[in-house]
Each structure stands twice: as structure tokens, then as C-alpha cells.
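S.K.: Sequence and predicted structure below; questions after.
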Amino acid sequence: MKLILADWSAVVRELPRWQSLTQPARHLMLTELKTTGFVQTVKFGDHLAAIIRSGMVEADATRNRVSLANPCRDLLIILRAMHRHPVFDDPDEPALLRYLEGNFTNREIEPLLTGGGPGWHGYIDRHAFARRIAFAGWPADLLDADSEAARTAWAKARGLPTMRQLQLDDAPPIRDLLPVLQRVMRRLMAFPHGIPVTTLVADVADDDATTQAHAIRLGLQTAVVFGGMRQADLEPRIGLWPAAAQELTRPPLAPPPIVAVVQQFSLAVQMEDMTTVLTAIAAAPVRMRANDGSIFAKTQSDIAPRLVALPAWAIDHLTSPFSSRPDAAARTLREYEFADVRRLHGNWHYYATAAGLRWLALSAHDRLAAVLTPLRKSKENNPDRGYESKRHPHHFFPFEAPFFNATSGMNLRASLTKAFTRATDGFVDLAGFLEHATREENPFSARPAGAAHSRRSPFGDDGRDPRDTHRAVWHEMLGQFLVFRLLHLGGAILGLQPDGTLAFRIADAGGYLLGYGDEFGYGTEQTGDVVIQPNFDVVFMGANPGTEAVIARFAERAGAAPGLAFRITRKSVLAAAEAGTTTAAVIDALTRASTRPIPQNVQREISGWMALVRRATLRTMQVIDCPDEETAVRVTALLGSKVRRVTPTLLEVTASTAVQQAALTKVLRTGGVFIAGSPDQVETKVTRPRRRRSGPIEVDWNDE
Amino acid sequence: MHSNPLIVQGDLTVLVDVDTPRYPAARDALARFAELIKSPEHIHTYKISPLSIWNACAAGTTDGEIVTALTEYARFPLPAHVAAQIRDFAGRYGRVRIERDTGDPTDSHLLLMTDDAVLAEELLHQRALGALLVDRVSPTAFRIGNVDRGRIKQALIKVGFPAEDVAGYTAGSVLAIALRDATVSGQPFALRDYQNDAVAAFHAGGTDRGGSGVVVLPCGAGKTVVAMGVMAAVGASTLILTTSVTAVRQWIAELRDKTSIPADLIGEYTGESKDVRAVTVATYQVLTHRSHATGEFTHLALFDQRNWGLIVYDEVHLLPAPVFQITATLQARRRLGLTATLVREDHREDDVFALIGPKKADVPWKVLERQGWIATATCTEVRVPLPDELRMPYAVAEQREKFRVASENPLKLDVVRALLRKHAGEPALVIGLYVDQLETLAREMNLPLITGTTPQKKRDVLFAAFRNGKLPALIVSKVANFAIDLPDASVAIQVSGSFGSRQEEAQRLGRILRPKQGANQAHFYTIVTADTTEQDFALKRQLFLCEQGYEYQIVDVPDGNVAHSLQTLP
């Protein structure tokens, strides 16, 4: 690591020379001056005199070239290393990764992660290391080591005693440097952009500059402090990772306040989609693609207009990016056993089960209750683990446990229920709610000792600080529960704040699900009156999916309820007849649906169309086409029941196989009736011979 | 029962439940800014469109009032975007005005004014519009030629900014017209309230805010009388355009009967006569006649032959395209359109709005029916079987011939006879398409027949006899569909018809929807051969009539026992 290879006591000693230079001069020094060799003086322009005065360079005899003064070599090395990685200007993950790439080798990182133990074939996940050292827990672990034993344990966990090869001979022992380093870090906590080295070293009265320099080097080596320059002044600085410094000094987060929203959206989208899709499926089985179980595109585009429109600002939280709404609804319907699949005409189709049809006939409130109540009554207190997880719709948790033994000794159901009480009195900012819950009320933080802390991979743990993992896991769980169990099921109302960010509050249905209350209200109860118009329009005066499903079997869809939903046409009635529907069934369905008399002309026309229905069969038949009636009579006399008269000269042969027909032909021949094209008639046929690669050409004669 | 009758759908269709207590108030509110599309028994359908909103704005309705009315009467919350769309449509009205150019001594220009410079720039860059702008007089105003007044209004409506035309009109030659207190035949005569309202709405006290527009009244509601009221208010030379020679003659008869205009000041301009007087009545056909397909419309010069103060377009929904073109150059004349529906088959409603004017008056026919001004009508479809001997010829015939075989079913004769017996004493029309069939009917029932070849004089004699009650029934061919005014016909029997034209049905019913003495009930029968293409086409007619709000029933005559089957009819 370049930052620790230099003699930091020399750096601190020679630093005032750098202080004497202006920013432009410093820039030239960094870009033009090398650690060895000469540089033409013209490259320094007007700043040459100042640079020479600083004592960092020495001119040669010609005074046309300068070289780095020997005492300043370590200083320049450090300055150039810090200049390459201005981590305090834009401290994001890419900058941190570049800093690590430029300053740490894998051999230097490995002991920090493994405590000096064996790594996994030398593989280092630098992203995981970056996440770990950027997390406030990394410096906090040292800051919290308030005894020599604790500090020693900290050092051991970072493999420091084994890193003798990186210790310079004049450095104090690590056990003596650690308290100095702690003091340095405490001063740095208040300055997220670091402190200039000269300021940092000068202000610590308890420790001399050299000791501080060694402590800083130790801090750089263990990545608890970082070295960088700000481009504005090119001053070398030391600091904690900015986000970690802010985290260490922030006060506890207050619970999220109630906020105002300019728009809101509340609907049990999943349940409504299930209703719409099941209505379509109930009207006629819907074809399913065999490879992935999705509904065919044409049917999806037919169903799509009937789905509830979602506001653009909310759509990401209300739908899945991985499947279309009809597909998601169809899958859920199967999980609830409201629909199933079967083969029809050789293809897979979704069809409505009896349970599904009963569910469809319920009111909106009762349909939602049928979905929510099993969840409310489920027994799980924690999510299941991994691939054994039963993530079916009746499971309280819509996710699996994040890692082995993650939930031992916990009751996440109670934790979730408690967390969402913060959103029952009004809208709360969504990001603020999650931030507060993950930092201040995280159930994983209070887990019993010995419980697993991290996600494990074949390479060991994921490299993240367990506290970081806990925040991420709890954040995910809250977010997924909010989306899949609350927003999708009408249990939460999503709101849009004036600045475009999202807020939410718990709705009645969510309170019911979480156990805050025993009842909930949902949707306006509509009478669902259906009007059959004399022009064959079927107008729904309210939502009535059960009736929709019934009428859809014999009427054409013309829109969505409430409003003009269907039109009864001859084509639709005949299609229903083909499927086996009777006149009485259609009239009965209309009569039950409508509170007003069915118009006479509508009844008459439906009856008339139905009366047109006849069922015929298309089949092939073999016939004997006789030249005249007399021959037909003779054939009939010879064959008897083996033929059936179609017309006076056309006779259908009831024998089905070629052998049987050949036998009949022979009988006819005995009576002097010869059939052209009969199966046993000899045919002289010349076939083009198959050519061999070699040898004579053979002719195949099929000759009697 | 819900008290709110409206269901507002996302596509701006509004369904209205007529069986709710608040329906009348909701309908009155809705009719100001929505067009009635269909009105079958229980649920009527209205459509809000940019044009309907602009018509409402022209009458002084604001977008706030429209949204308030919808919200007030809606059964469910309005879809989110409806209010925004209404505001957007309404916001476009009134932003562009056509005004007089008082600074032009030649009086050959007008001013096109916008309410902001940005809109002016946008209009300037519209290709069709930009070419018509003469020059720019200010950031928000352009000068335009008088002759382009109509074309500019057409172009503006196409880009979604309807113009409010307040540039005024030329007065035309003065002609004092008064309405009689009693008709020439001695009957008391006065305008009904709704007719007076329509005249007032159109005339607007003679200001520039009135003087152009369309009056929408159902067939039989007296649009001719409204036109006469407007003529009296305007008091100027008038050109009346209508759909047929018979209609021309009827107009002339009405003008003589109900106004003070001397007979020598009323002229007929048709194929038979080219008489241009202070009040001239012409047909659309003569105006659009030309000797060959690419020739000039020589008779369009009629528009320039006098200094017309008022032009009346009867049945404006049938206005042919060439008349639109010439009307575009007549924007300085007052223009009155009369129609039972603004809906055109060719969807040129925006041209009617731009060139004739916005809707000025609209009274639903149900209101007039309830008030007794038009007769209620029941529609009955009588289905007769095809005789056995015609089944095979029908089966093997070409499609068009199938229709004729079914239409000329001889069993229909018995039905006609039975119906006329059932309605003995009530004046009846028997209408058909095929002259052979009508001749057979006329011969079998000893009734006169009027066809396209019947001389006009004979038609007038027969019509007069029918009107006077001397003839109990008339058999008429397609010529009788349009513009025959037979006030006392209360039964129409259609034995064969064209292929389901909506306008045809509306006109046929219009002929019988006149106030009747006694029960004020009219009957429309259509006789159809069952299970044939005729029945298929009859379905379209059935749908149309139902959507117009008529009660429609179907009666079968399966076994030829017509009298028995018809007993079920009320």
C-alpha cells in the first residue's frame, strides 16, 4: 500500500514546505515533478521561484532543470497517492473501489477480512470489502474498544500482529499506537470531509507528531481512516469514510412524522385483478402457454382494458416487473384454487373451479375477506427458510428467511405488526419510515448471541458487516410486506407528496390483516343492478363480477362495468348454443340479473336465434356411384345391408376397411358389376428406380 | 333505488338511467353539453365530445358548470381524467375570435383575434391556416379576407380551436314578414313555447352573437314553423334549401298558410321551375346538379342572385359536400340549420358547426311527446313465413335476389289487409321498395299508388285527398320517404325497405309523428319474412328504432292465421 510504505514521520516533518505553495504551484508539482530524475524548469512557469523557495526541489548547475529534494521524497509519494484518489470530494462506491484498487493489494486486504486466517483460494470480494469499511461499524469497532484487551482483540481480528513486514522499524508497537489512533479518529468524526494533515497533527496535544504520524499510517493500513486530497486546494487530508463519520455523529432518528399528500391510491389491486381475470376465465376457458404458463398475448390484450387503471406514480409499487397483471392474477387464482388448468382440444387452458365461481359471486368486501382472512389466521411467526419455504398465498410472510438461523429466537410477525403501527394515524414518508425502522427499531439488532448474522455463500460470509446486513434484511422485509401483503391487498393507501416522493398509511384492510381491528370496510357496496336494453345492450349499473361472468357466456364484451358491459348478438348467442347453453338458461340468467323486465323483442330474438341451432356431423364416406338406378338396385341386391342408399344412384358403403371393401368388390364382380379404383384392382405402375451408387440399374415392375 | 342517474365512463360516454327520480333534471343539465346518441327504454347514452362542449360554450356554459353537473348527478365518482379533458376542450373555445376590421375602409377584411401571442404563433404555423392569413396586425391578431371566413373557421376547428364568429352579418334586402294569428284555412296559429325559445336563441335579439346556428328538433316538432319565426325576426330576403321537390312545395304551402308573405314574393327553384323571388325555396339536388361529372355546379349561382339576409338549410344533416363549399363563402349571411339529429353519416359534424353554426336549440322528443306535441309511436315487426313454394328459389338465389324474394313474399298481403282492418278509420300509409309488389297491393286492396313516375300534379291531388280524409290509405314507394308532410297519417306499414338506412327509418317515422286527435298514438309496422336476409336487415332497423326510444315488439304469424296473431297487439 503506497500510503503506508512511506515514512510518515518524514511526511509530517516536510509537510510545511507544501504548505508554502499556492494551489497552482501544488498542481504543477503533482503533475510535473517525478520522484527521480530532472524536470525542465520551464514546466513550472511563473511558479518556479516559489517552488524552489519551498525547498522541495533542487536546481542543477545549469539552473534549467530541477529535481525532487531527497528529504521530500516520501512527502511527494504520499501527496501523489492522495491526489490520485480524491475520496473526500465525491465519496461514492466507485471512488472507494478505486481507492482500494490503487492502495491495497489482495494480500493486504485478506487479513483485515479473515483476521489472519486462511482465505478462500486468495479470492477477495473487493465490493464486499468496500461495503464493510464504508459501514460505520468498521471504525466504530475500534472506537468502542475501550480497554487494552479490547484493542488487542481488535488488532488480532485484523491480523495486525502478523503484519510485521509492513511495520517500519522506528514505529511504536501497535498496542501503543491504537489509543493514539482512537484519539485521532474521534477528532475526525466531526469532519466528514477530513482534516488537513498539518491541522490534524498539530492539534493533538497528548501525542507528538511522529507518534501521530505512525498512528495515522496504522489507520490507513487498516482502512479505518482514509487519505485524500480535495481538488479545490490540493491539501492532503485524513478522514473517516464520510458516510461513516456522519453515521457515527448523527443523533437517533425520530419516528417519521405525519405528512400531507396531494394524491392517493387505495385498492386491493391483486384481488381486483383476480376478479377480472377469473371473470374472463369463467366465461370461457382461457388458453395457457405450455412453456411458461402465461396467458396468450391476444387474450391478455382483451383482458387488459378491463383491469383497473393504476396511476403512473404508483405503478411500480402495485405491480410486479416480472409478469403481466393477468398472468400474476392467473397464478394467484391457481394458488387459491379458484382456477385450475386442464387440457382442452389438446391445449392447456385455465378454467374456473367451483370454488372460484362461488368466490366470484361474493361482494367485493367478501372477496377481499376471503383473501385476507387466511393470512390473518395463519400460524407463522417467522418466514420459512430458502427453498423449503412455502411461499404460497396463505403464508403470512411473502418472503423467505434471508439466511440460515436468521430468525431463531425471534417473532418477526410481532415486529412487523409493531413497525406498521407508526403508519396508522396518517400518511408517513415511505423512505423515512423504512430508515427509522431499520436503524432504530430493528429486531435483528437485539438478536440472541450465537444466532447467525450473515448471508453465507460458498466463499464464506458475504463480507458485509452483520449490522449492515441486519439493516438491509429488515429493510427488505418491511418493503416486501408493505408491497405484497398491504398495498397489493388494499391494506395500505399509497400517497404522493408534493415533492413527488411516496408516503403511505395503513388502511382498514391492513389493520384487519395485522390484527389491529376485527373488521374492515372495502369498496362501495353497489346493488349491481343490470339492465337489459331493447337494443340488446346489457348495462351494469354497478360492479357485479358474478353476473358478468354469467352473461359473458352468451354476450359480447362491449366495455367494463359499471356501464355498457355487453351486447347480446346473434353471433354470441349461437356461440353459447354451440357450447351447450339453452334458451331457457339464457333467459333465466337475464331474468335473474335484471330487476327490470326483459324486453319482448330481446327474448323473441334470442329464442329465434337459438331455434336456428342444429347439430350436424361432418364425416367422410365411401360411395358407389352407379350410372343408373337399375345398377344401384342390383348392387343393393348383391350387398344387402353392406350399402345404404343415399340417392337413387349413390350408395354409401358401410364397410370401413380396405379388406372389407375388397371383399365387397369381389362379390359385385360375381354379379357382373365392376368397380373402378377398388382396392384389389391390379395397377400396372412403373416406378422410377432407386439409383445405386454403383452397379446395374434395376427396374421394379409391379405386374400381375 | 339510486337517485343519481348518470354513469360517466372514461371515454366520455354518459349512461343515463331514466327510471330514477332525478332523471329529468339530469337530462336537462346533460343536454346542454352532450349529444344524445341513443335512447332505448331504460338507459340513454350521451356522448361528450369537443364539439358538444364547444356547442355548450357557445351557449354560455362554462367548464365548471359542466363538471359540477356531472358530479352532481353521477352515481359513481367521475373517472380521474374526465374533468381534465372537459376543461381542456372548453378551454379551447373563445380563444380565437373573428371580428370586424373597423379600420378597413374597403370592408373586405376581417380580424382573427387570439387571446395570447403564443397561440397566435401556433396558428400561424398551421399549414392550412397560415396560408389564409393575409397579414399580422399585432402579436395576437391577423387580418383575413372576407371570402375566407368560412374556410378559416373550418381550418381552426380541425386544429382544435373553434372560432367565435362575432364579425356580424350583411343585412340583406329588407322583407317585412309577419306570422299570421290564424292560418289561411282559419285555424288559430301561434308558435309553441319551445319554438319561441328556439327562435329567440337563434336570433339573439338581432345581435352579432346570434344569426347562425342549428336548431335540433324531432321530426314532427315543427321545424318549419321555427324557420318562419326566424324569418319574421330577421325580416330579410330568404333562401330556403330542402331535400326534394315535394318538400319545396310543402314549404311554399306552409309559408302561404302561416305568414304574411305575398304569394308573388315566394318562388320555387327546382328542376321544374327556376323562379327566384324574395323568398325562394330550392332543392339541394338542383344546386348540386351538373351536366357531367367534372362540370360546374351552375345553379350554385343562386346564392349570389339576390342579397339574401337569411339562408335556411332544411335537414342540415343531409347537406351535400358542394353546398358546404359554397356555404364557406357565405359566412356574412345569417344561416339557420334545421335537423332532427346533428349526427351525420359522413361525420362532418364539425363542418356543420364551423359553417352553419353551433347548436342553438335542442328539445328531446320525449319531452315533446310528454307535452303532447308529437305522437307516441309503437313499432311492431310482423314476421311471416316464406311459402313452401318459394323456399327452394330463395335457397338457390343470389344474395341480392334473396332479399327481393323475401321482400315480395305474397303472404304479406294478408298481413297488410289485416292491419288496415285493425286500424280502420285511421289514415294509413303503406310503404314499399318494389313497385311490382306495391302495384299488386294497390290492385288487391283498391288503393291508389304513388311511385317515382307518378306526375307531381297527381301526387298533389292524392296527397290532398289523403289529407282531407277522402282516402283512408295510400300506397307509396320510396319517394314518399322524405319530406312529405301528412299530418293525419297515424299508421305506417312498411312492406319492404332499403338495406336498413337509419335516416330512412327516421324519416319514415317522422311522417307519422304528428299530434293526433284522440289517443295521440301512432303505429309503425314492418312486415318481414322470417328466417331470411330480410329479417337480418330488419334487425338493424330494430336496433335503430329501439335506440331512438321507440317501443319495439315482434309478432309471429307462423301458421298464416294473421288475424289471430295480430290479436296480441295492443
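M.R.: Okay, I see it. In this text, all values refer to a predicted model and were calculated from it rather than measured experimentally.
S.K.: From here on, just use CA atoms for contacts and neighbour counts.
M.R.: Noted.
S.K.: Could you list the low-pLDDT ranges of the chain?
M.R.: You didn't pick a chain, so chain A it is. A:1-2, A:114-123, A:161-169, A:203-205, A:386-393, A:403-406, A:447-463, A:523-528, A:677-704 (pLDDT under 70).
S.K.: wait, chain B
M.R.: Looking at chain B by pLDDT under 70, you get B:1-2, B:343-345, B:479-488, B:498-508, B:510-519, B:559-570.
S.K.: So which residues on it come close to chain A?
M.R.: By CA under 8 Å from any CA of the partner chain, the residues of chain B that approach chain A are B:7, B:9, B:15, B:40-43, B:542-544, B:546-547, B:552-554.
S.K.: Mind checking which of those residues land in strands?
M.R.: B:7, B:15, B:43, B:552-554 (DSSP state E).
S.K.: And for the residue of the stretch 551-700 of chain A found nearest chain B, the neighbour number?
M.R.: Closest residue of the stretch 551-700 of chain A to chain B, CA to the nearest CA: A:N601 (5.1 Å). For A:N601, the count of nearby residues is 22 (other CA atoms under 10 Å in any protein chain shown).
S.K.: for B:A128, same thing?
M.R.: 17.
S.K.: ok, and the closest non-adjacent residue to it?
M.R.: Of all residues not flanking B:A128 in the chain, B:A155 sits nearest, at 6.4 Å (CA to CA, 6 or more residues apart in numbering or on different chains).
S.K.: Tell me the secondary structure of that neighbour, please.
M.R.: Using DSSP: H, G, I helix; E, B strand; the rest coil, the structure places B:A155 in helix.
S.K.: Is it in contact with B:G130, as I believe?
M.R.: No. Look at B:A155 against B:G130 with CA atoms under 8 Å: they stay out of range, at 9.6 Å.
S.K.: who's more crowded, these two?
M.R.: B:A155 (22 against 16).
S.K.: how near is that one to chain A?
M.R.: Relative to chain A, B:A155 is positioned 34 Å away (CA to the nearest CA, to the nearest Å).
S.K.: ok, now how distant is that residue from B:Q542?
M.R.: Distance of B:A155 to B:Q542, given as CA to CA, to the nearest Å: 38 Å.
S.K.: Same question for A:I506.
M.R.: For A:I506, the distance to B:Q542 equals 53 Å [CA to CA].
S.K.: Then A:D206?
M.R.: Going from A:D206 to B:Q542 by CA to CA gives 104 Å.
S.K.: before we move on, what about A:R325?
M.R.: Distance from A:R325 to B:Q542, by CA to CA: 40 Å.
S.K.: who in chain A is up against chain B?
M.R.: A:531, A:533-536, A:539, A:541, A:562-564, A:600-601, A:604.
S.K.: Tell me the one of those nearest A:E101?
M.R.: Comparing those against A:E101 with CA to CA places A:P562 closest, at 63.2 Å.
S.K.: Tell me which residues of stretch B:117-136 come out buried.
M.R.: Buried residues in stretch B:117-136, counted by 16 or more other CA atoms under 10 Å in any protein chain shown: B:119-120, B:123-124, B:128-130, B:132-133.
S.K.: Most neighbours among the ones in strands among the residues of chain B next to chain A, which one is it?
M.R.: Most neighbours among those, by other CA under 10 Å: B:I43, with 29 neighbours.
S.K.: Strands along the stretch 451-570 of chain B, start to end?
M.R.: Chain-ordered strands for the stretch 451-570 of chain B, with DSSP state E, counting those that start in this stretch as the definition, fall at B:473-476, B:491-494, B:521-529, B:551-556.
S.K.: Which elements pack onto the first one?
M.R.: In other words, strand B:473-476. When contacts are defined as 3 or more CA pairs under 8 Å, 6 or more residues apart in numbering or on different chains; DSSP states H and E, strand B:473-476 packs onto strand B:428-431, helix B:435-445, strand B:449-450.
S.K.: Now do the buried residues in the second one.
M.R.: Along helix B:435-445, these residues count as buried under the neighbour rule (16+ other CA under 10 Å): B:435, B:437-439, B:441-442.
S.K.: Pick out whichever of A:R325 and B:Q542 has more residues nearby.
M.R.: Looking at A:R325 and B:Q542 with other CA under 10 Å, you find the greater number of neighbours at B:Q542, namely 27 against 22.
S.K.: got the contact list for that one?
M.R.: A:535, B:552 (CA atoms under 8 Å, 6 or more residues apart in numbering or on different chains).
S.K.: Could you check how many residues crowd around A:L248?
M.R.: Neighbour tally, A:L248, other CA under 10 Å: 17.
S.K.: wait, doesn't it sit right on A:A134?
M.R.: No. Here A:L248 does not reach A:A134: they are 11.7 Å apart, not a contact under CA under 8 Å.
S.K.: can you give me the strands for the stretch 551-700 of chain A?
M.R.: Under DSSP E, counting those that start in this stretch, the stretch 551-700 of chain A gives strands at A:556-557, A:563-567, A:622-625, A:643-647, A:650-653, A:685-686.
S.K.: The stretch 251-400 of chain B now?
M.R.: Chain-ordered strands for the stretch 251-400 of chain B, with DSSP E, counting those that start in this stretch as the definition, fall at B:266-269, B:279-283, B:310-313, B:334-339, B:359-362, B:376-384.
S.K.: what angle do the last one and strand B:521-529 make?
M.R.: Spelled out, that is strand B:376-384. 20 degrees (axes from the mean of the first three to the mean of the last three CA atoms, to 10 degrees).
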